[in-house]
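Trainee: model the following, please.
(chains A and B)
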Number of protein chains: 2
Amino acid sequence: MTLSCPVPRVETERVLLGHGSGGQLMAELLAEVITPELGLTGPLEDAALIGLDQVFSTDSYVVTPRFFPGGDIGSLAVHGTVNDLAMRGARPIALSLAYIIEEGLPISELRDITHSAAAAAREVGVPIVTGDTKVVGHGAADGLYITTTGVGVRLRNAWPSAASAVPGDVVLVSGPIGRHGISILSAREGLGFEADVTSDSRPLHDLVAAMISAGGADVHVLRDPTRGGLASSLNEIAAASGVCVEIVEPAVPVPAPVAAACDLLGLDSLHVANEGCLVAFVAPASVDAVMAAMRALPEGAETTVIGEVTQGDPGRVLAHTLVGSSRIVDVLVGEQLPRIC
Amino acid sequence: MTLSCPVPRVETERVLLGHGSGGQLMAELLAEVITPELGLTGPLEDAALIGLDQVFSTDSYVVTPRFFPGGDIGSLAVHGTVNDLAMRGARPIALSLAYIIEEGLPISELRDITHSAAAAAREVGVPIVTGDTKVVGHGAADGLYITTTGVGVRLRNAWPSAASAVPGDVVLVSGPIGRHGISILSAREGLGFEADVTSDSRPLHDLVAAMISAGGADVHVLRDPTRGGLASSLNEIAAASGVCVEIVEPAVPVPAPVAAACDLLGLDSLHVANEGCLVAFVAPASVDAVMAAMRALPEGAETTVIGEVTQGDPGRVLAHTLVGSSRIVDVLVGEQLPRIC
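Mentor: Sure, this is the predicted structure:
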């Protein structure tokens, strides 16, 4: 018999902020309102396939503040979409950029953000080939929203998917978690962590290319734990693959200032958003080679093993704690912190 | 010596509503702030090429009201992007859908709009393969904004581009102009034209396929005159191709209720937005075949010749009037009507 504490089901007839959290409410909105209408089935991946070798992904960026320690909405909009493509094992070949601008935005700010997006795209080596500019009246947006969409070409020899985890897989994270969410929160609320925590926003396509080059088809799952944090990504993978994921909580790399901020604010660092690290599920035979390849790159220098896939309850994520107990790692129910990306 | 009345240059340090109009201010914003940063050169087309045979286009939809006579923001977001692909001679193969939702939007409305977008995509035969959902706080958006991005595959034997018009080309429009803009204006302001004027929002990919099948490479230019209306499209084509476009004003099909509304409101019907007609520049040898193919389809049944490309001043658009005089057709300077699409 399995005992569990049911997630309180929030009934609502209107969209709540929590519907955008990447957590339980958002999953319900997608499952009940959006994906059935669109006929989307199967696991929700970071990007969709077009034909055999192309990948397609879109994301709107509504982060506030628009400039934060370690980045801005322009670079974030490029990194986020490049990373969504990379998580399906793809190299980006073209990006589009659609602006929704609130009347009154300083043109200098628009120029700075466009410059930042262009610089981020140049660094990745992907052209921004098309775009759109809409202006809405004062009070009908909050400064600037950006939607970037990317097309990528899949690297050969790997088919990473949230549905491909199997028992025995080793779970890796490529770097410390929680930096993006805490830096946004600190910048927005003036909490004073700004000097200690910068966003990890950065592109991960080179890291993924190195991983696939080293591990090929043994790289089963790639995911960047953005909204909803590592907890949401692990739960989505456990559910899509029908496996149990067990992590060792002290092995999860949480920078001291992030841990301090989470303690102070009552947040679980596993729920805090990231924009520059990934979680990977790799077959044991290739773990050493994949980790060596990751650690050879700056964005993977702190790669570490945090757990494994077991024969336990399908769909469940367990965290083993320092004192030898274990807990169920759940997804966020509602909203922890809106507009982080 | 050429006499001309210079367009007043509006200097501003902040983004104005008019920067999103599709007119002069928008062209300046793009040329001075956005395209140089992004390294985009050449004529701005409705969609960009990826490689040799693919086309990529993005558009954000911020129309208010979200439901209007003849459509809604969901179907418009599909038609608009399908049409942008079609104007580069492409058949759509995949769409993405990114929502920015204001907290408080009734979920029933979100369902209806998603249903409408899905139905429009099914009608076109293009799958919506991926999406994104962001929620922003009350007052940080106006209900719902949708960004759709599409990938298409080019039809063989034609390379339509705004830069390909040559003297001698015949200028066609596929149907009556001004319906979309006037229906939105009427619905928003309660002007009472709603019963007489519905939006022309509809997909044009089949029409384009029929045109290219009949005319091949003789179909030099295709453009859907959305924001900024027919006047903006003709001016963009004249500028990109370095040619003079001369139209016969009484030949431009303006439905009587649209003409009446324009008279009443002091609008130029050539500046009013459309979402379901196109302007085409076709070499004379193929005009009869292309027009016959267009008229065989409901969306092209009212195709008519409105003018031709001449050896006149490059970049100029002239309209010959009933009384035998002619006038320069200019682009909109600022904003005629915001948030029409």
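
Trainee: how about the nearest residue to the residue nearest to the spatial centre of chain A, chain neighbours excluded?
Mentor: Centroid-nearest residue in chain A, with C-alpha atoms, centre = their mean: residue A:226, separated by 2.5 Å. Counting by C-beta to C-beta, 6 or more residues apart in numbering or on different chains, residue A:226 lies nearest to residue A:273, which is 5.3 Å off, once chain neighbours are set aside. (C-beta placed from N, C-alpha, C; glycine too.)

Trainee: what's the burial count for that neighbour?
Mentor: Neighbour count of residue A:273, defined by other C-beta atoms under 10 Å in any protein chain shown: 30.

Trainee: so who does it touch?
Mentor: Residue A:273 is in contact with A:22, A:180-181, A:184, A:225-229, A:337, A:340-341, counting by C-beta atoms under 8 Å, 6 or more residues apart in numbering or on different chains.

Trainee: paired strands for the helix or strand residue A:55 falls within, with orientation please.
Mentor: Secondary structure from DSSP states H and E places residue A:55 in strand A:54-61. With DSSP bridges as the test, strand A:54-61 is paired with strand A:48-50 (antiparallel), strand A:144-154 (antiparallel).

Trainee: just the CA atoms of it, as PDB, please.
Mentor: Extracted as PDB, the C-alpha positions of strand A:54-61 are listed here (Å, rounded to 0.1, in the frame of the first residue of the first chain):
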ATOM      1  CA  GLN A  54      15.300  19.100 -37.400                       C
ATOM      2  CA  VAL A  55      14.200  20.400 -34.000                       C
ATOM      3  CA  PHE A  56      11.900  23.400 -33.400                       C
ATOM      4  CA  SER A  57      11.400  25.300 -30.100                       C
ATOM      5  CA  THR A  58       9.700  28.500 -28.900                       C
ATOM      6  CA  ASP A  59       9.700  30.400 -25.700                       C
ATOM      7  CA  SER A  60       8.400  33.800 -24.500                       C
ATOM      8  CA  TYR A  61      10.600  35.700 -22.100                       C
END
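
Trainee: what sits up against that strand?
Mentor: Contacts for strand A:54-61 (C-beta under 8 Å, 6+ apart): A:46-50, A:73, A:76-77, A:80-81, A:84-85, A:88-90, A:145-154, A:341, B:94, B:96-100, B:129-132, B:134, B:147, B:149, B:151.

Trainee: for the helix or strand following it, packing partners?
Mentor: Scanning forward in sequence from strand A:54-61 by DSSP H and E, the next helix or strand is strand A:67-68. Applying 3 or more C-beta pairs under 8 Å, 6 or more residues apart in numbering or on different chains; DSSP states H and E, one finds that strand A:67-68 contacts helix A:179-189.

Trainee: re earlier: pLDDT at the residue nearest to residue A:226, what is it?
Mentor: With respect to pLDDT, residue A:273 scores 95.

Trainee: ramachandran angles for it?
Mentor: phi -70, psi 150 (degrees, to the nearest 10).

Trainee: still on that earlier bit, neighbour-wise, which of the contacts of residue A:273 leads?
Mentor: Going by other C-beta under 10 Å, residue A:180 tops the contacts of residue A:273 with 31 neighbours.

Trainee: contact partners of the helix or strand hosting residue A:210?
Mentor: Using DSSP H and E, the element containing residue A:210 is helix A:205-215. With contacts defined as C-beta under 8 Å, 6+ apart, helix A:205-215 is touched by A:82-83, A:85-87, A:89-92, A:124, A:155, A:157-158, A:160, A:174, A:219, A:222, A:278, A:280, A:282-283, A:286, A:289-290, A:292-294, A:296-297, A:299-300.

Trainee: so which of those residues are in helices?
Mentor: A:82-83, A:85-86, A:124, A:286, A:289-290, A:292-294 (DSSP state H).

Trainee: same for chain B: which of these are within range?
Mentor: Applying C-beta under 8 Å from any C-beta of the partner chain, the subset of the ones in helices among the contacts of helix A:205-215 adjacent to chain B is empty.

Trainee: for these, which one is nearest residue A:29?
Mentor: Residue A:29 lies nearest to residue A:83 out of those, by C-beta to C-beta, at 23.1 Å.

Trainee: what's the neighbour count on the closest one?
Mentor: For residue A:83, using other C-beta under 10 Å, the count is 32.

Trainee: try residue A:206
Mentor: Neighbour number of residue A:206 under other C-beta under 10 Å is 17.

Trainee: over to residue A:264?
Mentor: Quick note: residue A:264 (other C-beta under 10 Å) scores 10 neighbours.

Trainee: find the closest residue to chain B in the stretch 101-250 of chain A.
Mentor: Scanning the stretch 101-250 of chain A for the residue nearest chain B gives residue A:135, at 3.0 Å (criterion: C-beta to the nearest C-beta).

Trainee: which secondary structure elements does the stretch of helix or strand that residue belongs to sit against?
Mentor: In this assignment (DSSP H and E), residue A:135 forms part of strand A:128-136. Counting by 3+ C-beta pairs under 8 Å, 6+ apart, the packing neighbours recorded for strand A:128-136 are strand A:90-102, helix A:107-124, strand B:48-50, strand B:54-61.

Trainee: which of the strands paired with strand A:54-61 comes out lowest on mean pLDDT?
Mentor: Looking over the strands paired with strand A:54-61, mean pLDDT reaches its minimum on strand A:48-50, with a mean of 90.

Trainee: any regions of the stretch 201-341 of chain A where pLDDT drops low?
Mentor: Nowhere does the stretch 201-341 of chain A drop to pLDDT under 70.

Trainee: now do the strands in the stretch 151-300 of chain A.
Mentor: A:170-173, A:219-223, A:244-248, A:279-282 (DSSP state E, counting those that start in this stretch).

Trainee: for those, give me a markdown table that also has mean neighbour count and distance to residue B:111.
Mentor: What follows is those, written out as a markdown table (neighbours: other C-beta atoms under 10 Å in any protein chain shown; distance: least, C-beta to C-beta, whole Å):
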| stretch | mean neighbour count | distance to residue B:111 |
| --- | --- | --- |
| strand A:170-173 | 24 | 37 |
| strand A:219-223 | 27 | 28 |
| strand A:244-248 | 22 | 33 |
| strand A:279-282 | 26 | 33 |
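
Trainee: okay, these in CSV with distance to chain B next?
Mentor: CSV is the format used below for these (distance: least, C-beta to the nearest C-beta, whole Å):
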stretch, distance to chain B
strand A:170-173, 23
strand A:219-223, 15
strand A:244-248, 24
strand A:279-282, 20
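
Trainee: shouldn't residue A:79 be in contact with residue A:201?
Mentor: Yes - using C-beta atoms under 8 Å, residue A:79 makes contact with residue A:201 at a distance of 5.1 Å.

Trainee: neighbour count: those two, which is higher?
Mentor: Between residue A:79 and residue A:201, residue A:79 has the larger neighbour count (other C-beta under 10 Å), namely 30 against 25.
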